[in-house]
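Engineer: coords please:
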Amino acid sequence: MAPKQPAELSSGFTWRVVFVIFLTAMVFIPVSTYASLVLGSTVIGGVASLFMTLLIFKLAQLFGQRLSPQETLLLYYGTGVGGAAFSFMGLIIYR
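Structural biologist: Sure thing, here's the model as predicted:
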């Protein structure tokens, strides 16, 4: 039985992830503002975060790029945090 090789550690913080998180935040700001004004709450935050992660993952596959698991996880957390952090603009408009 051969000994196991240690797993290679790599960073998921790449320019692609930063760019996609920025674009996602630009999409989340108007959507979150509209949802808070019309619905009274931001119900779609969690669903939108998962949807954007899957959409970017599939678009990357379509263009022949492959996102690593680290990039995908960072993208998921980044879209969730980015959507929540940038949604304060809606609160300013609401008040």
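Engineer: Now the top helix by length along the chain: buried residues?
Structural biologist: Counting residues, the longest helix in the chain under DSSP state H turns out to be helix 15-38. Going by neighbour count (16 or more other CB atoms under 10 Å), the buried part of helix 15-38 is 17, 20-21, 24-25, 28-29, 31-33, 35-36. For the C-beta atoms, the positions are set from N, CA and C on the backbone; glycine is no exception.
Engineer: give the contact list for the most centrally placed residue in the chain.
Structural biologist: Centroid-nearest residue in the chain: T79, 2.3 Å away (criterion: CA atoms, centre = their mean). Residues near T79 by CB atoms under 8 Å, 6 or more residues apart in numbering: 20-21, 24, 28, 48-49, 52-53.
Engineer: Go ahead and confirm I56 touches V20.
Structural biologist: Yes - assessed by CB atoms under 8 Å, I56 is found in contact with V20 at 5.3 Å.
Engineer: Next one: L23 from L55, what distance?
Structural biologist: Distance, L23 to L55, using CB to CB, to the nearest Å: 11 Å.
Engineer: for Q5, helix, strand, or coil?
Structural biologist: coil (DSSP: H, G, I helix; E, B strand; the rest coil).
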